[in-house]
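Chemist: Need coordinates for the below:
(2 chains)
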There are 2 protein chains.
Amino acid sequence: MKQAKILLDHGSGGKMAHQLTTELLLPLFCNPFLEQLHDGAIVDMPGGRIAFSTDSFVVDPIFFPGGNIGDLAVNGTLNDLAMCGALPLYMSMGLILEEGLPISELKCILTSMRDALAVAGIQLVTGDTKVVPRGAADKIFINTTGIGRVAPGVRISADGARPGDRIILSGTMADHGIAVLTQREGLRFESDVVSDTAPLHTMVQAILACTQDVHVLRDPTRGGVGTALNEIAVQSGVGMLIEEQRLPVAQAVAGICELLGFDPLYLANEGKLLCLVPAEQADAVLATIRKDQYGANACIIGQVTADHPGRVVMTTGIGGQRIVDMLSGEQLPRIC
Amino acid sequence: MKQAKILLDHGSGGKMAHQLTTELLLPLFCNPFLEQLHDGAIVDMPGGRIAFSTDSFVVDPIFFPGGNIGDLAVNGTLNDLAMCGALPLYMSMGLILEEGLPISELKCILTSMRDALAVAGIQLVTGDTKVVPRGAADKIFINTTGIGRVAPGVRISADGARPGDRIILSGTMADHGIAVLTQREGLRFESDVVSDTAPLHTMVQAILACTQDVHVLRDPTRGGVGTALNEIAVQSGVGMLIEEQRLPVAQAVAGICELLGFDPLYLANEGKLLCLVPAEQADAVLATIRKDQYGANACIIGQVTADHPGRVVMTTGIGGQRIVDMLSGEQLPRIC
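Modeler: Numbers count the residues shown, from 1 in each chain, chains lettered A, B, ... in the order given. Presented below is the predicted three-dimensional model:
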């Protein structure tokens, strides 16, 4: 690695995070599970396959419109399991608390976790709590790790995209990123944007009931839709062609992005998924997603191509084309 | 809870940590898994039972004699799985890095993790990396979560102690606590104490091959042997009688403890276990543990009694008796 020290960009979900993974982590821990660069691992156990996924949450601020670090932590790991095609079953919780954190805030966060777990029908079965002195952490960090069951026949991985696949996005982009950003910076807008944090396992189960021929599922969190599509393009060795006019963005979010100079393509989502399916399944899957409570604004945003492998290209509103690169720096640190 | 804010003592593994668990966490997340207050959960999956355990590591300093936060994080979770009677199989890693952490230090820590995993024959199958701005965390925190397989017939839980059981401790006490403390405080002694961080799953598998009639296994980490015995006494509704003269403490550790006023009974161990077995199995199990590379100094330190349920009593060197209470405060924060 070129750098001598860890930079914020190493946690971005963009180019430098990718570099940290491929140049430091993978050479050390090289195995077929990690090389898949998926949201979770699928491991064989007697009796069937199990999905296993972990995520640490360090979002700042810990309370934001539409949620807090607690439900975010539950939904985030639950969604990573869902992106493996798994039915989430059990979760662990690792708390790192800063000395001085008000118990009332902790209780509020834990209550949100309990409620999010209850909605999803998942049990928190084991946990750990550490407390560090004032100044050694920022309020609260939460790790959640989950396990789920993968049904026989389900084969979803980030290298499964094939030319001709349609790219479905389950709803509007960048809601979470903008909700956290405006709260953190104390910005006030006429129409407040709320985080889209939500559990997506029910949507995924419905998709898999519609067709098991799902090539890729990915929740575009850190780095947004732009980064997620780039990762899939590289891992599958295919190109992507998306249409700017089809990208769903809520009006309020689009306005704030324009005002502040952010591209919603690279902002985090916490209740959306990308689903890549063969063209002949696309309409049925789209209809299924739209029936889900979190999928009303789903649409087909483009398709997978044999051309320009490893690259994502966007047809712009005025008819031109531009490359949607992987983000090189960090737009918003501590977004999840 | 009486307190309005999180205090360091809430992370001690002692009375206040117990209070946080029983007054805040358990009422919220009430289920039979968590109520066991074990090092991990054992969940039913198609094909058999799986142990699932999580731990976040925040040790300060991150490098200490005998190890670093990396191998500590691998061995810690591996041992929690082993204490469930499980054979550890897969592990996840969640990194929280502070901006500015030297890449060379990160590489050294990750290399130790890789080596510890290789020794144990476990695969790291999934992970996550977050970076927070300078001052929002202290260098590096690591969460490890593991899953393992529990063989049919194995039933180990913290409420399994029965009067008459012999209490076996697998080696000397307080090595890890003293190693971290002296490094943190920059203390120099003639004989340096090194951490005992080590994987105990092979020892546990050997114990279970000797007899499946093992009532309790517990690795006395935070809070030490004294706290672990108190927890088992409360959960099993039994008393404990231990003998001070039989408690194994290395000479250098005993000397430093006396000098600094620490009680080794309450200092952390990271490569030791407590094993409670029926009296008739005790000699065979002790011999088995002593044959393990980490069990040479194992000994029977006492027994379980029907008297004084919930209390641990120690026969002192001069023939008296005193109560070994659960630690109320924190002797050493950030010990693991």
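
Chemist: Run through the strands of the stretch 51-200 of chain A in chain order.
Modeler: Secondary structure of the stretch 51-200 of chain A (DSSP state E, counting those that start in this stretch): strands located at A:63-64, A:67-68, A:86-98, A:123-132, A:140-150, A:166-169.

Chemist: Let me have those in JSON lines, adding distance to residue B:2 as columns.
Modeler: Glycine gets a C-beta too; all of them are placed from N, C-alpha and C. Below are the strands of the stretch 51-200 of chain A laid out as JSON lines (distance: least, CB to CB, whole Å):
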{"stretch": "strand A:63-64", "distance to residue B:2": "24"}
{"stretch": "strand A:67-68", "distance to residue B:2": "24"}
{"stretch": "strand A:86-98", "distance to residue B:2": "17"}
{"stretch": "strand A:123-132", "distance to residue B:2": "16"}
{"stretch": "strand A:140-150", "distance to residue B:2": "20"}
{"stretch": "strand A:166-169", "distance to residue B:2": "49"}
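
Chemist: who wins for proximity to residue B:173 among those?
Modeler: Proximity to residue B:173 (CB to CB) singles out strand A:123-132 among the strands of the stretch 51-200 of chain A, at 21.8 Å.

Chemist: Give the pairing partners of the closest one; include direction for each.
Modeler: According to DSSP bridges, the neighbouring strands of strand A:123-132, each with its direction, are strand A:86-98 (parallel).

Chemist: Which one of the strands of the stretch 51-200 of chain A lies nearest to residue A:200?
Modeler: Using CB to CB as the measure, strand A:86-98 is the one of these that comes nearest residue A:200, at 10.1 Å.

Chemist: Where does the stretch 51-200 of chain A get nearest to chain B, which residue?
Modeler: Ranking the residues of the stretch 51-200 of chain A by distance to chain B (CB to the nearest CB) places residue A:131 first, at 3.0 Å.

Chemist: Tell me which of the strands of the stretch 51-200 of chain A lies nearest to residue B:40.
Modeler: Across these, closest to residue B:40 is strand A:123-132 (CB to CB), at 5.3 Å.

Chemist: What mean pLDDT does that closest one get?
Modeler: Per-residue pLDDT values across strand A:123-132 average out to 94.

Chemist: go on, stretch A:302-322?
Modeler: With pLDDT averaged residue by residue, stretch A:302-322 scores 95.

Chemist: Can you list the neighbours in contact with it?
Modeler: Stretch A:302-322 is contacted from outside by A:161-167, A:226, A:229-230, A:233-234, A:236-246, A:276, A:279, A:323-325, using CB atoms under 8 Å, 6 or more residues apart in numbering or on different chains.

Chemist: for that stretch, how far is the first residue from the last?
Modeler: Separation of the first and last residues of stretch A:302-322 by CA to CA, to the nearest Å is 14 Å.

Chemist: Could you list the domains of chain A?
Modeler: According to the domain assignment given by automatic domain parsing, chain A is divided into the following structural domains: A:8-150, A:166-323.

Chemist: Highest mean neighbour count out of those domains?
Modeler: Per-stretch averages of neighbours, counted by mean count of other CB atoms under 10 Å in any protein chain shown, single out domain A:8-150 among the domains of chain A, with a mean of 22.

Chemist: What distance separates the opening and closing residues of that domain?
Modeler: Taking CA to CA, the first and last residues of domain A:8-150 lie 35 Å apart.

Chemist: any idea which element the residue in the stretch 201-336 of chain A that chain B sits nearest to lies in?
Modeler: Among the residues of the stretch 201-336 of chain A, residue A:334 lies nearest to chain B; the distance is 6.0 Å by CB to the nearest CB. Using DSSP states H and E, residue A:334 falls within no helix or strand.

Chemist: and the gap between the closest residue to it other than its chain neighbours and residue A:72?
Modeler: What sits nearest to residue A:334 in space, not counting adjacent residues and going by CB to CB, 6 or more residues apart in numbering or on different chains, is residue A:60, at 4.2 Å. For residue A:60, the distance to residue A:72 equals 12 Å [CB to CB, to the nearest Å].

Chemist: who's in contact with residue A:189?
Modeler: Applying CB under 8 Å, 6+ apart, we find residue A:189 in contact with A:182, A:252, A:255, A:256.

Chemist: State the distance from residue A:48 to chain B.
Modeler: As defined by CB to the nearest CB, to the nearest Å, residue A:48 lies at a distance of 5 Å from chain B.

Chemist: Quick check: bridge partners of that residue?
Modeler: Residues in a beta bridge with residue A:48, per DSSP bridges, are residue A:45.

Chemist: my read: it touches residue B:50, true?
Modeler: No - Residue A:48 is beyond contact range of residue B:50, at 11.3 Å (criterion: CB atoms under 8 Å).
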